[in-house]
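Asker: Return atomic coordinates for the entry below.
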Amino acid sequence: MKRLFKFILNTIPRPILIKVSFWVRPLISFILKGSTYTDPIDGKSFSSFLPYGYGSQRPNALSPSTLSLERHRLLWLYLKNETDFFTTPKKVLHIAPEQCFLKLFKQQENLDYTTADLHSPIADVKADICNLPFENNTYDVVLCNHVLEHIEDDKKAMSELFRVLKPNGMGIFQIPQELDREKTYEDFTITLPEERAKHFGQYDHVRIYGRDYFNRLRKVGFTVNEIDYSKKLTNEMVKKYCLVKGEILPVCFK
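Answerer: Next comes the predicted model:
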């Protein structure tokens with residue numbers, strides 16, 4: 001199964017994967033029904049989660065029901081337990097919306113929820129993150145997860161996220177990150193997909209972020225809280241929800 005998922009991820013374009021997943025998900029959820037692992041987003045439990053990864057496959061990474069990954073489940077728990085995201089009226093912008101959140105966020109009566117992306121078939125607005133078609137100081141919350149590693153001019157993209165966020169607004173901008181790496185590794189002369197996969201871990205990534213990622217955000221104006229939310233969860237919860245211990249949530253404020 002690992003080889004099959006690796007082949008699918010590396011050969012089928014993401015917009016097509018998104019469309020196909022709506023039909024495949026119910027069948028996989030039924031096959032893997034059980035009680036060992038639980039997706040906190042919808043509360044459903046399974047005998048196992050699915051493997052996931054463009055390079056080496058991570059076991060029990062992808063939830064069969066919501067298609068959430070470890071980072072999505074961590075973000076959900078943080079928003080639910082530590083913020084008023086689900087209870088207070090908010091104007092929200094979600095860049096490159098994830099399937100595991102889309103329907104649930106749209107159903108939240110307290111959220112004025114807009115999604116945007118240049119290629120995603122499920123986004124409301126077709127938009128370039130380096131030139132967003134929104135007014136200054138528009139949104140209370142901006143979510144943009146695992147996008148910036150695809151963008152060569154990430155400073156411009158960060159500046160746009162800062163521009164459209166309201167003063168005192170909150171942004172969460174997760175990225176794949178190597179915390180044992182002091183400085184971000186990027187080389188824009190590397191353009192072939194197979195070379196990018198070799199250097200950056202995925203065929204469409206242009207860098208590997210190091211610990212200096214947080215300072216990149218600070219340089220465009222954000223106040224950044226580096227939150228290791230897994231520390232607030234028991235080891236049993238980390239295992240049950242299939243999370244990654246030590247993953248940092250970059251929670252930013254304007």
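Asker: Contacts only, for the spatially most central residue of the chain.
Answerer: In the chain, the centroid-proximal residue (Cα atoms, centre = their mean) is residue 145; its distance is 3.4 Å. Contact analysis of residue 145 by Cβ atoms under 8 Å, 6 or more residues apart in numbering lists 71-72, 75, 96, 98, 172-175. In short, each C-beta sits where N, CA and C put it, glycine included.
Asker: Let's see that with 6 Å instead.
Answerer: Residues near residue 145 by Cβ atoms under 6 Å, 6 or more residues apart in numbering: residue 174.
Asker: any idea how far it is from residue 35?
Answerer: 29 Å (Cβ to Cβ, to the nearest Å).
Asker: and if you look at residue 149?
Answerer: 35 Å.
Asker: again with residue 111
Answerer: For residue 111 relative to residue 35 (Cβ to Cβ), the value is 32 Å.
Asker: again, but for residue 153
Answerer: Residue 153 is 47 Å from residue 35, by Cβ to Cβ.
Asker: Find the nearest non-adjacent residue to residue 105, please.
Answerer: residue 113 (5.1 Å; Cβ to Cβ, 6 or more residues apart in numbering).
Asker: Just say helix, strand or coil for that neighbour.
Answerer: The three-state label given to residue 113 by DSSP: H, G, I helix; E, B strand; the rest coil is strand.
Asker: State the pLDDT value of it.
Answerer: At residue 113, the model reports a pLDDT of 98.
Asker: How about residue 254?
Answerer: pLDDT, residue 254: 97.
Asker: what sits against it?
Answerer: 165, 167, 169.
Asker: How about it: what's its closest non-neighbour residue?
Answerer: Closest to residue 254 by Cβ to Cβ, 6+ apart is residue 165, at 4.6 Å.
Asker: returning to that earlier point: who has more neighbours, residue 153 and residue 35?
Answerer: residue 153 (12 against 9; other Cβ atoms under 10 Å).
Asker: Could you list which residues are in contact with the more buried one?
Answerer: residue 130.
Asker: Assumed residue 226 was part of a helix.
Answerer: No - secondary structure of residue 226 (three-state DSSP): strand, not part of a helix.
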